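Novice: Here is the input, now give the coordinates:
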Amino acid sequence: MPMAALVDLPKRTVRYYIQLGLVDRPDGETRAARYGPRHVEQLLQVRKWSDAGVSLERIRELLSGEAPPVPPRPRAAGTVELWSHLVIADGLELSMEAGRAGLSPDESREIFNGVMALYRNIKNKGNQP
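Specialist: Residues are numbered from 1 along each chain as shown. Predicted coordinates:
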């Protein structure tokens with residue numbers, strides 16, 4: 001089965017991704033060129049990110065080793081999300097949806113603890129002569 005059909009992309013798109021350096025060149029030349037499992041994985045990864053709305057320039061950055069995750073899809077009506085609210089003081093809250101922020105439960109707790117410590121520090125400075 002041709003590579004383009006295997007990854008459900010037009011041949012022209014596969015060649016373009018290779019030209020941009022998003023996918024490795026095939027092994028061999030012209031008609032003897034061979035694609036392997038690594039090419040399939042690369043093409044599927046680029047397609048996944050592209051389908052999620054990530055620009056080809058950003059995909060190149062991600063492939064070069066930058067760690068940020070793919071941004072979440074825009075929220076649609078009827079989307080269910082779990083938000084955490086930290087009441088810091090009357091009239092002051094911090095709201096966060098950890099999944100969208102890419103935070104683990106431990107990281108969320110660390111942010112909340114840090115915000116509370118910062119607030120106490122600011123209030124204590126205001127109470128000193």
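
Novice: Now the biggest helix by length in the chain: average pLDDT?
Specialist: Assignment by DSSP state H gives helix 105-127 as the longest helix of the chain. Regarding helix 105-127, the rounded mean pLDDT is 90.

Novice: so how far is Asp106 from Met96?
Specialist: For Met96, the distance to Asp106 (CB to CB, to the nearest Å) stands at 14 Å. Every C-beta, even on glycine, is put in place using the N, C-alpha and C of the backbone.

Novice: So if I had to pick from those two, which one is more boxed in?
Specialist: The neighbour count for Met96 versus Asp106, taken as other CB atoms under 10 Å, is higher for Met96 (16 against 8).

Novice: so that one touches Leu103, yeah?
Specialist: Yes - counting by CB atoms under 8 Å, Met96 touches Leu103, with 7.4 Å between them.

Novice: Are there residues contacting both of the two? Which ones?
Specialist: Ile111 (CB atoms under 8 Å, 6 or more residues apart in numbering).

Novice: which residues in the chain form strands?
Specialist: 84-89, 92-96 (DSSP state E).

Novice: Just put those strands in a markdown table and tack on distance to Gly126 and mean pLDDT.
Specialist: Below are these laid out as a markdown table (distance: least, CB to CB, whole Å; pLDDT from 0 to 100):
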| stretch | distance to Gly126 | mean pLDDT |
| --- | --- | --- |
| strand 84-89 | 12 | 90 |
| strand 92-96 | 14 | 92 |
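
Novice: Tell me which of those strands lies nearest to Asp8.
Specialist: Closest to Asp8 of those is strand 92-96 (CB to CB; 36.7 Å).

Novice: ok, Ala117 to Glu110 distance?
Specialist: Taken as CB to CB, the span from Ala117 to Glu110 is 10 Å.

Novice: tell me, what's touching those two both at once?
Specialist: With CB under 8 Å, 6+ apart, Ala117 and Glu110 have no common neighbours.

Novice: No further queries at this time; thank you.
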